[in-house]
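Student: model the following, please.
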Amino acid sequence: MGLHMVETKFDRAMKEFVWNILEIQSQLEDIHSVWARLLGITEPQWLMLMAIMDLDEGHGVAGIDVAKKLRVHPTFVASQTKSLAKFGLLDRRTRSDDARFVQMLATEQATAAIAKLAEKKASLNSTMFADLDEGRLAELNTALLAIAKNVRLAVRLLAIEVL
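Tutor: From the prediction side, this is the model:
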């Protein structure tokens with residue numbers, strides 16, 4: 001004897017959306033693992049390097065900003081970026097205005113290694129986004145940002161209910 005709820009078309013669409021997002025996430029993890037392996041680093045280190053390169057506006061990036069972008073703990077970023085620095089892929093510099101903080105930036109070695117992957121990455125991107133023009137991709141990004149904001153709210157509400 002189970003409780004049967006009537007599933008609406010909207011309910012089904014939401015479920016399909018979640019499953020699609022999980023599938024995309026899994027496939028992207030596989031792709032990131034390959035890129036990381038080609039550089040001799042781990043997938044989390046690859047993502048940190050990509051986040052640093054994305055966030056850097058010429059002055060380096062603070063670890064807290066990388067942590068926020070990747071939704072990981074700042075101490076994890078600190079330990080992994082130290083490894084990236086040992087591999088010669090990242091420079092970690094103490095901020096001139098506050099020695100308690102470190103600014104990180106990709107080295108020329110990292111930039112050159114990633115540039116070698118550029119053609120393969122462009123080919124994969126064109127395959128992944130083949131059915132979307134710039135306008136549709138912008139609309140999708142706008143919708144995903146709204147969903148992400150609402151999911152953050154839902155997580156907070158759930159945390160309050162569980163307490």
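
Student: the protein: strands as residue ranges?
Tutor: Ranges of strands in the chain, per DSSP state E, are 61-62, 90-94, 102-106.

Student: turn those strands into a markdown table, including mean neighbour count.
Tutor: Placement of C-beta: from N, CA and C, glycine included. Formatted as a markdown table, the strands of the chain follow (neighbours: other CB atoms under 10 Å):
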| stretch | mean neighbour count |
| --- | --- |
| strand 61-62 | 20 |
| strand 90-94 | 16 |
| strand 102-106 | 21 |
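
Student: now render those strands as JSON lines, adding distance to residue 124.
Tutor: Listed next are those as JSON lines, based on distance: least, CB to CB, whole Å:
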{"stretch": "strand 61-62", "distance to residue 124": "25"}
{"stretch": "strand 90-94", "distance to residue 124": "24"}
{"stretch": "strand 102-106", "distance to residue 124": "20"}
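
Student: residue 107 contacts residue 87, doesn't it?
Tutor: No: using CB atoms under 8 Å, residue 107 is not in contact with residue 87, being 9.3 Å away.

Student: poorly predicted segments of this protein, please.
Tutor: Regions of the chain meeting the criterion pLDDT under 70 cover residues 1-3.

Student: any buried residues in the longest helix seen in it, and which?
Tutor: If you go by DSSP state H, the chain has its longest helix at helix 9-39. For helix 9-39, burial by neighbour count (16 or more other CB atoms under 10 Å) applies to 32, 35-36, 39.

Student: and the gap between the residue nearest the centre of the chain and residue 79?
Tutor: Residue closest to the average C-alpha location in the chain (CA atoms, centre = their mean): residue 70, at 5.1 Å. Residue 70 is 13 Å from residue 79, where distance means CB to CB, to the nearest Å.
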